[in-house]
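Asks: how would this look folded up:
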Amino acid sequence: MKKLLLIIIYFGIHFSFISCTKDNDSDRADTLAAETFLNVSYGNNSQEKYDLYLPANRSSEKTKVIVLVHGGGWTEGDKSDMGSFIPFIQQVHPNHAIVNMNYVLATVNTPAFPNQFLDLDAVINKLTSEKNELQILPQFGLIGASAGAHISLMYDSVYDSDDQVKMVGNIVGPADFTDPFYSDNPNFPVYLTALVDESAYPTGTNYAAVLSPALQVSNASSPSLLFYGNTDPLVPLSNAITLNTALNNAQVDHNFTVYDGGHGDWSSNDYEDLKTQLSMYINTYLKVSE
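Replies: Next up, the predicted model:
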């Protein structure tokens, strides 16, 4: 009888300890403070860095991630160019984590493709591997501008084999390099070839086609928002129309908006509309459960 009593006491203490531990873990997840980590390294190159904004009360069961990808013709630009999106997201979507990334800019000796797609892959892989430490759920929305939109679209349709990307916000992203706007320009094919690491592609690859997001769309592509200007001197509206048609044919949910103006130089009302649409898609495809 005495032995039975000791066993009951032992298991009572043991289960109380487990219950207490679980409660403490839950309390910790519910009371995590917001944190910011600047210039986090995700590779060996000094440009492979990102800023990470973690919300309060996050957890690995609900806190999804929005990744910002800057533009600059694949050779210029910086994550600071996407800085205006951060307070907007923090205000309207305070329960999401935000990553604002740099990638290695192309030079004469450092090609852009596929390296910049692989930089985005490295960011997503690092965040996924640290999901428990960071208390995030590795499901992602990508918001890219110009070259950053091109990188985001290409990553979603070609490299996102685990379907971690749930939506793409494409702001004036080049989508079809086979468009006469580019192919008829004798300088552009030379420029495009200079951006490519030829050793990463089979001999005879048609780079203009392979690097065109509109030509890589499938029914596995993510829901996308398309924002373009009707007088853009860098990305013709025909590119947007081709991408819109491809998404229609693949039956991918998307919305196509054309603003008056050029390469992002639109009115403040247009940018408010853009943010409203982004917010709607975040709430629909990257919703954080309560």
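Asks: Can you tell me the closest non-neighbouring residue to A149?
Replies: Of all residues not flanking A149 in the chain, G173 sits nearest, at 2.6 Å (C-beta to C-beta, 6 or more residues apart in numbering). C-beta here means a position set from N, CA and C on the backbone, and glycine is covered the same way.
Asks: Am I right that that neighbour is in a helix?
Replies: No: counting by DSSP: H, G, I helix; E, B strand; the rest coil, G173 is not part of a helix but coil.
Asks: could you list every residue that touches L286?
Replies: K64, I66, H96, Q139, F140, G141, K166, M167 (C-beta atoms under 8 Å, 6 or more residues apart in numbering).
Asks: Where does pLDDT dip in the stretch 1-150 of the chain?
Replies: Residues of the stretch 1-150 of the chain meeting the criterion pLDDT under 70: 1-30.
Asks: Which stretches in it count as strands?
Replies: 35-41, 49-54, 65-69, 97-101, 140-145 (DSSP state E, counting those that start in this stretch).
Asks: could I get these as JSON lines with distance to A112 and mean neighbour count?
Replies: Putting the strands of the stretch 1-150 of the chain into JSON lines (distance: least, C-beta to C-beta, whole Å; neighbours: other C-beta atoms under 10 Å) gives the following:
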{"stretch": "strand 35-41", "distance to A112": "20", "mean neighbour count": "12"}
{"stretch": "strand 49-54", "distance to A112": "17", "mean neighbour count": "20"}
{"stretch": "strand 65-69", "distance to A112": "13", "mean neighbour count": "27"}
{"stretch": "strand 97-101", "distance to A112": "15", "mean neighbour count": "25"}
{"stretch": "strand 140-145", "distance to A112": "14", "mean neighbour count": "26"}
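Asks: what's the closest of the ones you listed to I124?
Replies: Proximity to I124, assessed across the strands of the stretch 1-150 of the chain by C-beta to C-beta, is greatest for strand 140-145 (6.2 Å).
Asks: for the chain, what spans make up the helices?
Replies: Ranges of helices within the chain are 2-30, 85-92, 115-129, 131-134, 147-154, 180-183, 187-194, 207-210, 237-249, 268-285, based on DSSP state H.
Asks: Looking at those, spot the one closest to N102.
Replies: helix 115-129 (8.3 Å).
Asks: List the buried residues in the closest one.
Replies: Residues of helix 115-129 classed as buried by neighbour count (16 or more other C-beta atoms under 10 Å): N115, Q116, F117, L118, D119, L120, A122, V123, I124, K126, L127, T128.
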